[in-house]
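From the sequence below, what's the structure:
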Amino acid sequence: MPAHVAESDSTTDPLARERAHLTASRAALRGMREDVQALDIRDVTANWVNAAVLQSQIDDRIKALADLSHTPLFFGRLDYLHAVGGEQAEGAEGERFYIGRRHVHDAAGDPMVIDWRAPVSQPYYQASRKNPQDVGLRRRFGYTSGELTAYEDEHLTDPGADDPGAGHTSRLLQAEIERPRVGPMRDIVATIQPEQDEIVRSGLGGTVCVQGGPGTGKTAVGLHRVAFLLYAHRERLARTGTLVIGPNRSFLHYIEQVLPALGELEVKQATVDDLVRTGVEVRGEDEAATAVVKGDARMAEVLRRAIRSHVTAPAEPVVVVRGSRRWRVPTYEIQEMVDELLARDMRYGAAHEALPQRIAHAVLVRMEEAGEAPDDRVQNSVARNPAVKAAVKAVWPAVDPAKLVLRLLSDAEFLAAHAAGLLSEDEQKRLLWAKPARSVKSAKWSAADAVLIDEAGDLVARTHSLGHVVLDEAQDLSPMQYRAVGRRCSTGSATVLGDLAQGTTPWSTESWSEALFHLGKADAVVEELTAGFRVPREVIAYASRLLPVISPGLAEVESVRESPGSLVVREVPGAEALDSAVVSACEESLRHEGSTGLIAADARIPALGAALTAAGHAYLSPGEETTAASRLTLVPASLAKGLEYDYVVLDEPAAVVDGEPDERTGLRRLYVALTRAVSGLTVLHAGPLPEALRR
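Below is the predicted model:
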């Protein structure tokens, strides 16, 4: 499909007309923003609380209507064969629709740009010559620095139309995909592919798991699904909340501008560690074997047993004194109450609150039988009676989750009593601290310990559930971490994103069915993305040599990007020359437009940092925003997951493998490092390459 570039500003020039529509649309958006800014809340609010809430909503609306100069207001156009009316067209009449990141209307309320999430916009992503969906023409626009500079037409229903690129990737689409990356991750609303769009527009009621290799756009798909769900179910999700969970802070910083660029400002972001660090400070670190045991799903049953062990049989009846009367509830009746609460498998804390009310109710029954007429106030008073409180404390005492986990990790007998038949003696020994902590505050809790405390906390009191959760890089979570995330969407849905081949933790999952079971979403639909749009074909093919070793049976990514010369593998004569060779390779990459990432084994980072500094090169750390003046990032291999750079220099692959506890994990870490480049990859090595790459 040819891209047409204007040489004239005449109004008869199609590109000039499109530019005029862009100018008018920007003016309309500015008018919408000014209308909101002009609102006087004093006319509609009765008190300062309402005024504060309304002002906050107005401020958010003003932010959402911001016109970002370098972000195209619309990126496409649909010319329908017939008029599209009714709700489907957001009130629009006619057959031409401009598709953009947000809805824009003029002073009369007529739409000038249709939100990409609206039903009438869907054919922009889904229509084809085989199924045109009543679209006669689809037009894509090309921009340079925010200015509309080109367009490209596809005639979907005219068999005689001359579309030289029909059946092939659009050149404007390809140019947008390959645009150099400076700064954080961008949205992909202009480049969403049909198979991605199906996932993006899937309903709120179900959970979707997306298996996608490097460059398939799974992260972008997950974020755009959130944006779509907020559009389609805004009121519901405004009440219940949405959350994006990423593997680390660097990753979250990298993706944090995607949703705001789409006008969505209220979505929270967190890591799993952020979710579970409630009340304890994580200062310790587990050995890998210990962390594996702590992350095993069997620990949930160990914790459940330990908590329920606090419930004991009543030793004596409860006698409540009120005035001159004494009311007696016998031991057997209290035991029946306890048995009934245990059988219901209630949250421990909820049962702790229910037991005094049940005892009080038994007292009220006796009072009524004696001719009295007590009401609810009397029952609440009896429930607070010292004799009732003492009985509950003895039979069903309160449990502090952190103290419970502290005892399990410190007391061998207590652990053995509740891990019997679940954990082996060796596993129990791994859990026990060599030097038990004296208190919750002094303990050197690990990240895995915090997850155990979170599990115990949920056994005591139900965790608040959100309407929708996006979980990225999900393959790296332990079963107990899946449970922690699942609790946050137990009454909602989730989007699970990951790649089994990129699992680099000792506890990473080997199958999505197992992971989804622990998440509590066993009925989730698993979708697989195999078309790669970011990583060049040469690069992904080279990295895929590792797949038979690291994840047998997983489909290779089929990259649509032809980029000859994108892969360079160079042997350096001698380890002493490696640092200077790496610096030279970085300098070569920086001659190109876009970002450069130098990825190396964590142990190599200090030496390479010193070499870059000695050569006069400033560099960034992962998560720091690249700019035109600072485009080189030094990336430890352990933090490379989820990040992308236009050009990547990979230092000593064997060192990346050797930096992990076992070869398979090391090769998976290497697979991640090899697939971070979206334009070119240079691999430098002084030692032998891993065998799979030598093949």
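
contacts and neighbour counts: CA atoms only from here.
Will do.

can you tell me the distance between the two ends of stretch 622-634?
Start and end residues of stretch 622-634 are separated by 7 Å (C-alpha to C-alpha, to the nearest Å).

so where's this protein shaky on pLDDT?
For the chain, applying pLDDT under 70 flags the ranges 1-12, 41-50, 53, 68-70, 85-94, 160-169, 177-184, 628.

Kindly list the longest helix within it.
Once the chain is assigned using DSSP state H, the helix that runs over the most residues is helix 14-37.

Now it - C-alpha only, PDB.
Listed next in PDB are the C-alpha coordinates belonging to helix 14-37 (Å, rounded to 0.1, in the frame of the first residue of the first chain):
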ATOM      1  CA  PRO A  14      -6.300  14.800   0.400                       C
ATOM      2  CA  LEU A  15      -3.500  15.100   2.900                       C
ATOM      3  CA  ALA A  16      -4.200  18.800   3.300                       C
ATOM      4  CA  ARG A  17      -7.800  18.000   4.100                       C
ATOM      5  CA  GLU A  18      -6.700  15.400   6.700                       C
ATOM      6  CA  ARG A  19      -4.400  18.000   8.300                       C
ATOM      7  CA  ALA A  20      -7.300  20.400   8.400                       C
ATOM      8  CA  HIS A  21      -9.400  17.800  10.200                       C
ATOM      9  CA  LEU A  22      -6.600  17.200  12.700                       C
ATOM     10  CA  THR A  23      -6.400  21.000  13.300                       C
ATOM     11  CA  ALA A  24     -10.100  21.200  13.900                       C
ATOM     12  CA  SER A  25     -10.100  18.100  16.100                       C
ATOM     13  CA  ARG A  26      -7.300  19.600  18.300                       C
ATOM     14  CA  ALA A  27      -9.400  22.800  18.600                       C
ATOM     15  CA  ALA A  28     -12.500  20.800  19.600                       C
ATOM     16  CA  LEU A  29     -10.400  18.900  22.200                       C
ATOM     17  CA  ARG A  30      -9.200  22.200  23.500                       C
ATOM     18  CA  GLY A  31     -12.800  23.400  23.700                       C
ATOM     19  CA  MET A  32     -13.800  20.300  25.700                       C
ATOM     20  CA  ARG A  33     -11.000  21.000  28.100                       C
ATOM     21  CA  GLU A  34     -11.900  24.600  28.500                       C
ATOM     22  CA  ASP A  35     -15.600  23.700  29.100                       C
ATOM     23  CA  VAL A  36     -14.500  21.500  32.000                       C
ATOM     24  CA  GLN A  37     -12.100  24.200  33.400                       C
END
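
Show the subsequent helix or strand relative to that helix.
helix 48-64 (DSSP states H and E).

Let's see that following helix as CSV, backbone CA atoms only.
Output of helix 48-64 as CSV, limited to C-alpha atoms (Å, rounded to 0.1, in the frame of the first residue of the first chain):
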residue,chain,number,x,y,z
TRP,A,48,-17.0,21.3,51.3
VAL,A,49,-16.8,17.5,51.2
ASN,A,50,-18.9,17.3,47.9
ALA,A,51,-16.9,20.2,46.6
ALA,A,52,-13.6,18.4,47.2
VAL,A,53,-14.8,15.2,45.6
LEU,A,54,-16.1,17.1,42.5
GLN,A,55,-13.0,19.2,42.2
SER,A,56,-10.9,16.0,42.2
GLN,A,57,-13.1,14.5,39.5
ILE,A,58,-12.8,17.7,37.4
ASP,A,59,-9.0,17.8,37.8
ASP,A,60,-8.8,14.2,36.6
ARG,A,61,-11.1,15.0,33.6
ILE,A,62,-8.8,17.9,32.7
LYS,A,63,-5.8,15.7,32.8
ALA,A,64,-7.5,13.1,30.6
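
quick one: buried residues of that helix?
51, 58, 61-62, 64 (16 or more other C-alpha atoms under 10 Å).

Tell me what angle it forms with helix 14-37.
Put simply, helix 48-64 runs at 170 degrees to helix 14-37, going by axes from the mean of the first three to the mean of the last three C-alpha atoms, to 10 degrees.

out of the buried residues of helix 48-64, who's nearest residue 236?
Each of those was scored against residue 236 by C-alpha to C-alpha, and residue 61 proved nearest at 18.1 Å.

which residues touch residue 657?
663, 665-667, 669-670 (C-alpha atoms under 8 Å, 6 or more residues apart in numbering).

same thing but 6 Å
Taking C-alpha atoms under 6 Å, 6 or more residues apart in numbering, we find residue 657 in contact with 666-667.

Tell me the secondary structure at it.
helix (DSSP: H, G, I helix; E, B strand; the rest coil).

Now do stretch 200-211: everything it contacts.
In contact with stretch 200-211 (C-alpha under 6 Å, 6+ apart) are residues 221, 225, 493-499, 524-528.

elements contacting the strand or helix carrying residue 670?
For residue 670, the host element (DSSP H and E) is helix 663-674. Counting contacts by 3 or more C-alpha pairs under 6 Å, 6 or more residues apart in numbering; DSSP states H and E, helix 663-674 packs against no other helix or strand.

Run the angle between whichever helix or strand comes after that helix and helix 663-674 for me.
Per DSSP H and E, helix 663-674 leads on to strand 677-685 as the next helix or strand towards the C-terminus. If you take the same axes, to 10 degrees, strand 677-685 sits at 130 degrees to helix 663-674.

what does strand 677-685 rub up against?
In this structure, residues lying in contact with strand 677-685 by C-alpha under 6 Å, 6+ apart are 534-535, 566-572, 645-652.

I'd like to know which of those are buried.
Among these, those classed as buried by 16+ other C-alpha under 10 Å are 534-535, 566-567, 572, 645-652.

tell me the two of the residues you listed that are most distant?
Counting by C-alpha to C-alpha, the most remote pair of the buried ones among the contacts of strand 677-685 is 534 and 572, 28.3 Å apart.

which one of the buried residues of helix 48-64 sits closest to residue 420?
Closest to residue 420, out of all of those and judged by C-alpha to C-alpha, is residue 64, at 56.0 Å.

just to revisit the earlier point, pull out the buried residues from the longest helix of the chain.
Counting neighbours by 16+ other C-alpha under 10 Å, one finds that the buried residues in helix 14-37 are 14-16, 18-19, 21-22, 25-33.

Likewise for stretch 412-426?
So stretch 412-426, judged by 16+ other C-alpha under 10 Å, has buried residues 415-416, 418-419, 423.

related to what we said a few turns ago, any chance of the buried residues of helix 48-64 in TSV, with distance to residue 395 too?
Shown next, in TSV, are the buried residues of helix 48-64 (distance: C-alpha to C-alpha, whole Å):
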residue	distance to residue 395
51	50
58	53
61	54
62	57
64	55
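
ok, which stretches of the stretch 101-250 of the chain are strands?
104-105, 111-115, 135-144, 147-155, 208-212, 242-246 (DSSP state E, counting those that start in this stretch).

The ones you listed into CSV, with extra columns for distance to residue 287 and mean neighbour count?
Compiled in CSV, the strands of the stretch 101-250 of the chain are given as follows (distance: least, C-alpha to C-alpha, whole Å; neighbours: other C-alpha atoms under 10 Å):
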stretch, distance to residue 287, mean neighbour count
strand 104-105, 55, 22
strand 111-115, 50, 24
strand 135-144, 51, 20
strand 147-155, 54, 20
strand 208-212, 29, 25
strand 242-246, 23, 23
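
What is the end-to-end distance of stretch 123-136?
For stretch 123-136, the first and last residues are 11 Å from each other (C-alpha to C-alpha).

how distant is that stretch from the center of its chain?
31 Å (C-alpha atoms, centre = their mean, to the nearest Å).
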